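[1] any chance you can model this:
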Amino acid sequence: MLQLKQHFTKKLIIDLTFILIQTACIIGLLITDNYDYMRMSISNLIFWLVYIILEFKLKWDIPLYIRIAVTLSIITNDVLGELINLYVTSFLFDRVQHIFGTYSITLWSFFIIQQFVQMKFIQKKLIIIFFIILSTTLGTFYEIFEFLQDELFKPVVKNQPSLLDTDLDLISDVTGGIIALIHYLSSESLRSFRLPFEQKTFANEIKR
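    Reported below is the predicted structural model:
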């Protein structure tokens, strides 16, 4: 019981810290009249708030490390990339952000999908295939999302300035997915993390 309370407290601290930083970033973008990036930052904040609600209602859970990684990837994207404008001033930042973002979102999605289908993936070959498909799919969807933003909102700084940029983004996304796969397979704490439905099954078996 004590461990559960500590886990919940840590989750709360991470989420509140993220919300405060993200809100400050949105205010900063508003002050600088950067409405295109501000819209993106608001969308990212809403995304995580929706997840928090779903996690609570559906009794989902993810490792604290992944929670930190995902919220940190959003913060670096919005604060460093958009507010400080590193997406425009640094070619390297875009590559690193795509790798880190896909790495963290792939791990997060892997844990969420397992809970959605109520199935723990343990076969190594299946995990490898799943991670590769997941990371490439996420990268593709993100590029489609960027394309739609450019076409619908006509931002001053385009998300996809060239075909080369899109191709490099996709390569970075695959790289991030491969790193996520290697990390998961080599991490005992991630592989042994007991999902909520597993805990429930284990408790029912004890009662029998």
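[2] what's the spacing between the nearest residue to Leu64 once chain neighbours are set aside and Ile53?
    The spatially closest residue to Leu64, leaving aside those adjacent along the chain, is Lys10, at 5.6 Å (Cβ to Cβ, 6 or more residues apart in numbering). (Glycine included, C-beta is placed from N, CA and C.) For Lys10, the distance to Ile53 (Cβ to Cβ, to the nearest Å) stands at 19 Å.
[3] same deal with Ser43?
    Applying Cβ to Cβ to Ser43 and Ile53 gives a distance of 16 Å.
[4] ok, and the closest non-adjacent residue to Leu80?
    In this structure, Leu80 finds its nearest non-sequential neighbour in Leu86, 5.0 Å apart by Cβ to Cβ, 6+ apart.
[5] try Leu168
    Of all residues not flanking Leu168 in the chain, Arg95 sits nearest, at 6.5 Å (Cβ to Cβ, 6+ apart).
[6] repeat that for Ile127.
    Of all residues not flanking Ile127 in the chain, Phe121 sits nearest, at 5.5 Å (Cβ to Cβ, 6+ apart).
[7] Phe130 is in contact with the one you found, correct?
    Yes. Counting by Cβ atoms under 8 Å, Phe121 does reach Phe130; the two are 6.4 Å apart.
[8] any shared contact partners between the two?
    Residues touching both Phe121 and Phe130 (Cβ atoms under 8 Å, 6 or more residues apart in numbering): Phe110.
[9] so these two - more neighbours on which side?
    Of the pair Phe121 and Phe130, Phe130 is the one with more neighbours under other Cβ atoms under 10 Å, namely 18 against 15.
[10] ok, that one touching Ile122?
    No. Counting by Cβ under 8 Å, Phe130 stays clear of Ile122, with 11.5 Å between them.
[11] spit out the contact partners of the residue nearest in space to the middle of the chain.
    Central residue of the chain (Cα atoms, centre = their mean): Ile105, 3.2 Å from the mean position. By Cβ under 8 Å, 6+ apart, the contact list for Ile105 reads 70, 73, 138.
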